[in-house]
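Okay, sequence plus prediction incoming.
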Amino acid sequence: MAKVSIVKCAGYGDAEQCVRKSLDLLGGIKNYVKAGNRVLLKVNLLGPKPPSAAMTTHPKIVAAVMRILQPIDCEIWVGDSSGGRGLTEKSLEVSGIQAVAERLGGKTLNFDKAGMFSCD
């Protein structure tokens, strides 16, 4: 049976604390990710909008998850498609997700350009 964890968060300033608590309620991130794994954070890049538009996953949530994953020594990818409309690169940039991924050592993946991607 699938498990779900919901944690109330006062704001994006508490993002990492809330994501950690949510993962702890599920038994901890190490139950799901091991050293050497490739992890894809599939963010919602609906279009090239800033975080304030609440149209994409907020970059502070992406940063929180990446910081939680970093000590595990896994390969972190962040990606999505903006609906195959050729807007994914711009969406990554405008949303702030590209900058977060680069700053925290992740790799971005534009689903529109990637073709087949194997996590093997």
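The structure has been received and is ready for your questions. Numbers count the residues shown, from 1 in each chain.

Pop out the phi and psi values for the nearest residue to Thr57 once chain neighbours are set aside.
Nearest-residue entry for Thr57: Val43, 4.0 Å, with adjacent residues in sequence omitted and distances by C-beta to C-beta, 6 or more residues apart in numbering. Using the backbone N, CA and C atoms, a C-beta is placed for each residue, glycine as well. In this entry, Val43 is assigned phi and psi values of phi -90, psi 160 (degrees, to the nearest 10).

how many neighbours does Val43 have?
The burial count assigned to Val43 is 23, neighbours taken as other C-beta atoms under 10 Å.

now the helices for the protein?
Counting by DSSP state H, residue ranges of the helices within the chain are 15-25, 59-69, 88-95, 97-103, 111-114.

Show me the one of those helices that comes nearest Val7.
When the helices of the chain are ranked by distance to Val7, counting by C-beta to C-beta, first place goes to helix 15-25 at 4.4 Å.

if we can go back for a sec, pipe the helices of the chain into a markdown table and attach mean neighbour count, distance to Met1 and mean pLDDT per row.
Listed next are these as a markdown table, based on neighbours: other C-beta atoms under 10 Å; distance: least, C-beta to C-beta, whole Å; pLDDT from 0 to 100:
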| stretch | mean neighbour count | distance to Met1 | mean pLDDT |
| --- | --- | --- | --- |
| helix 15-25 | 16 | 15 | 96 |
| helix 59-69 | 20 | 24 | 97 |
| helix 88-95 | 21 | 34 | 95 |
| helix 97-103 | 19 | 32 | 98 |
| helix 111-114 | 14 | 30 | 86 |
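
On the strand side of things, show who the residue nearest to Leu69 when sequence neighbours are not counted bridges to.
What sits nearest to Leu69 in space, not counting adjacent residues and going by C-beta to C-beta, 6+ apart, is Ile76, at 5.5 Å. The residues listed as beta-bridge partners of Ile76 by DSSP bridges are Val39.
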